[in-house]
Structures are given as structure tokens and as C-alpha cells.
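Participant: Sequence and predicted structure are below.
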Amino acid sequence: MDMESICAVIGENVKRITDQIGDAAVQCGRRPEEIQLMAVTKTVPADRVNMAVHQGIQLLGENKAQELLQKYEDYHKQDTSIHFIGHLQSNKVRQIVDKVDMIHSVDSVKLAAEINRQAQSHDRVMDVLIEVNIGGERSKSGVMPGEVGALAVEMQFLGNVRLRGLMTIPPFDALPAQTESFFEQTRALLEKTQDQLGYKLDTLSMGMSGDFPAAIRQGATIVRIGTAIFGGRN
């Protein structure tokens, strides 16, 4: 397929998903503009990511620090925000802290403290989300639901980190009803955490290509879509 055809397909996909987000929002009494569509760019070449940007995508999600570094200079970044959504090792924070606007995957005080230190060195405040291991899976990163409140309280003492909310990925083998239940539990956890902190948490990052309508029903403000925009990955 030539590049013009690929661009057309990506444009059609972005429009279809945007319409589906709008429909899902209206059906549950929400406003479509409450929900941001993130294009997840894992393994997608920069030129194809730029096609999505030209089709209206304003938010990119990066999974790996090394991949972000390789593609960053080639991205068309005007009016585009980049979030880091993958597992992040403390020793990689320095490489990305000046290139992203939010980190979705904070899962320890140690990581939050390093983000704080590196953000301070760049004279900025980094928006972050706590990653919740909502299914309690041993193989997956993230904070267990019962530990979210304690981490959130610890993060209040970090002056260059601003907690905005939560991120989660339900178990891949969950049935649709179970997946929606996990989303519902995450929303309840967000509400509990903000009550504990005494201020509003405005970001709930959950829902991917196969389940984002359910995430929207349960309050998602960012849905992370890769395959449905760019096609299957190798």
C-alpha cells in the first residue's frame, strides 16, 4: 500500500473512533469533549504517527523510553502532546522528562521521587498518574488497589510532581462484563483517593481498542488506542 493510501486509512480510522467515542459518551450522559483520544505509537514509524497527527490526533502515547528517543525529533509536535504510558524504570526518567507532558505509569515512591528530582532539574512540574494493577496480576506492574492511597499521600510531599489521577489495564483474559467491572472499580478508587487527598483528580486513563466504550461508560477521560488506528503490530 502506498503512503497516500495508508494516510487515508489512518484518517478513516481516526474519524470512526472519534465518532464511536462521541456515541459512547452521549449514551451515558457525558459530553464527547470530556474524553481525549490518545494514539498509542508503540512500534509505529514516525511518518505514520505524523499522518495521524495531520488527521487530528493531538495526544500521543509512548511505551518505551528508547523508542521515544529514536522517534522524537521526527514527530510533528506542534499542537501535539506526548504522554509516557509504559513501564518506566527510574534510570530512564532523565531521558524522557523534558519530552513528555504526563507520565501514566507511576507505581512506587522511588519512581515518583526520581521523576520529582529530574523535573526539578528542568524547572518544571510533571503531571503523573498512578498505575493501578486493578486485577491483582503478579505478572503486571502497577500498584495494588489497596496501596494507592498511601502512594498518593506520599506524593503530596514532592513539589515537582502533580498527581492528576489513575491509569489501569484490566486483565487481558477478562470477559467484557469483568472488564467493565474493573473499570468501575478504578473509578471508585479514584473517587476514594481524591476524597482522601481533599482535592479533585481529573484524569482517568483506561480503555484500549477492544474495550474503550466500556471505559467511557465508567468515567475514562483518556482512551489509549493503537491497533484500531494503525492496524495490527508485528
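Facilitator: Ah, there it is. All of these numbers come straight from a predicted model, not from anything done at the bench. Numbers count the residues shown, from 1 in each chain.
Participant: what about the strands in this structure?
Facilitator: With DSSP state E, the ranges of strands along the chain come out as 36-40, 59-62, 81-84, 102-106, 126-132, 161-168, 203-205, 222-225.
Participant: quick one: which of the ones you listed is nearest Val148?
Facilitator: For Val148, the closest of the strands of the chain is strand 126-132, at 5.7 Å, according to CB to CB. Heads up, the C-betas are built off the backbone N, CA and C, glycines and all.
Participant: helices or strands up against the closest one?
Facilitator: If contacts are counted by 3 or more CB pairs under 8 Å, 6 or more residues apart in numbering; DSSP states H and E, strand 126-132 sits against strand 102-106, helix 109-121, helix 148-155, strand 161-168, helix 176-197, strand 203-205.
Participant: Just the pLDDT for the residue nearest to Gln120 when sequence neighbours are not counted.
Facilitator: Nearest-residue entry for Gln120: Asn160, 4.4 Å, with adjacent residues in sequence omitted and distances by CB to CB, 6 or more residues apart in numbering. pLDDT for Asn160: 98.
Participant: Can you name the residues that contact Asn160?
Facilitator: Ile115, Asn116, Arg117, Ala119, Gln120, Arg124, Val125, Met126 (CB atoms under 8 Å, 6 or more residues apart in numbering).
Participant: between those residues, which is closest to Ile134?
Facilitator: Set against Ile134, the nearest of the contacts of Asn160 by CB to CB is Ile115 (22.0 Å).
Participant: about what we covered before: which members of the contacts of Asn160 are classed as buried?
Facilitator: Buried members of the contacts of Asn160, counted by 16 or more other CB atoms under 10 Å: Ile115, Asn116, Arg117, Ala119, Gln120, Met126.
Participant: Farthest-apart pair in the residues you listed, please.
Facilitator: Arg117 and Met126, at 10.5 Å, using CB to CB across those.
Participant: neighbours around the spatially closest residue to His87 that is not a sequence neighbour, how many?
Facilitator: Take His87 and drop its neighbours on the chain: the residue closest to it by CB to CB, 6+ apart is Ser141, 4.8 Å away. As a burial measure, Ser141 scores 14 neighbours (other CB atoms under 10 Å).
Participant: so who does the residue nearest to Glu34 when sequence neighbours are not counted touch?
Facilitator: Among residues not flanking Glu34 along the chain, Thr221 sits closest, at 6.2 Å (CB to CB, 6+ apart). By CB under 8 Å, 6+ apart, the contact set of Thr221 is Glu34, Ile35, Gln36, Gly165, Asp202, Thr203, Leu204, Ser205.
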